[in-house]
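# below is the sequence, then the predicted model.
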Amino acid sequence: MKLTVFYGTETGNAKGLAQKVAKKGEKNGVEVDVVDLATYEAAALESIDHPFVVIISTWDDGAPPPKCVPFYEALTSTDISLEGKQYTVLALGDTEYPLFCECGKKVDARLTELGATAVLPRTDLGADFMVSYIGWSKKFWKTMAGVYGIKK
């Protein structure tokens with residue numbers, strides 16, 4: 001049982017949530033890798049053979065975090081096949097911006113275009129993300145219980 005949690009962040013919030021997902025996964029007997037999208041090649045997604053989570057913030061007005069631009073640009077311009085891959089996206093943003101969670105929305109849409117299947121619909125979190133994260137976590141691990149046969 002394995003899970004990869006990718007995060008894209010500028011302020012550290014997405015990384016903090018990725019670490020929370022990892023801690024809960026390890027409690028449930030799931031081997032979890034936490035990976036910074038700033039150092040990850042989009043084409044490597046083809047080789048993943050287990051579910052993955054993308055936790056990514058939206059920077060400024062709809063852009064990916066600056067450190068994640070190379071990953072984002074590669075993902076949106078590549079034609080890799082993600083057929084049979086299972087994922088979910090947890091998008092962070094600020095409701096004060098018109099393009100709230102836009103980066104997460106685009107990553108989610110692109111993963112689907114490339115053939116991956118969402119095991120849980122994308123969830124958009126605003127400034128009060130910790131409160132919303134708790135509900136997301138419960139839903140996520142309930143869903144993963146079916147994938148992995150684990151307790152919530």
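The structure has been received and is ready for your questions.

# could you say which helix or strand holds D108?
For D108, the host element (DSSP states H and E) is helix 102-113.

# identify all contacting residues around that helix.
For helix 102-113, contacts defined as CB atoms under 8 Å, 6 or more residues apart in numbering pick out 8, 54, 56-59, 61-65, 72, 75-76, 82, 85, 87, 89-93, 118, 122, 124. To be clear about C-beta, it is placed using only N, CA and C from the backbone, and glycine gets the same treatment.

# now list the buried members of those.
Buried by 16 or more other CB atoms under 10 Å: 8, 54, 56-59, 62-65, 72, 75, 82, 85, 87, 89-93, 122, 124, out of the contacts of helix 102-113.

# so which of the residues you listed are in strands?
Judged by DSSP state E, the buried ones among the contacts of helix 102-113 include 8, 54, 56-57, 87, 89-92, 124 as members of strands.

# ok, the closest residue to L90 other than its chain neighbours - how many residues close by?
Setting aside the residues directly before and after it, L90 is nearest to I55 in space (CB to CB, 6 or more residues apart in numbering), at 4.5 Å. Using other CB atoms under 10 Å, I55 has 30 other residues around it.

# then L3?
L3, neighbours per other CB under 10 Å, totals 23.

# now do the SS call for it.
strand (DSSP: H, G, I helix; E, B strand; the rest coil).

# hmm, L92 is touching I56, no?
Yes: contact criterion CB atoms under 8 Å: L92 and I56 qualify, at 7.0 Å.

# now for those two: what residues contact both?
With CB under 8 Å, 6+ apart as the test, L92 and I56 both reach 14, 104.
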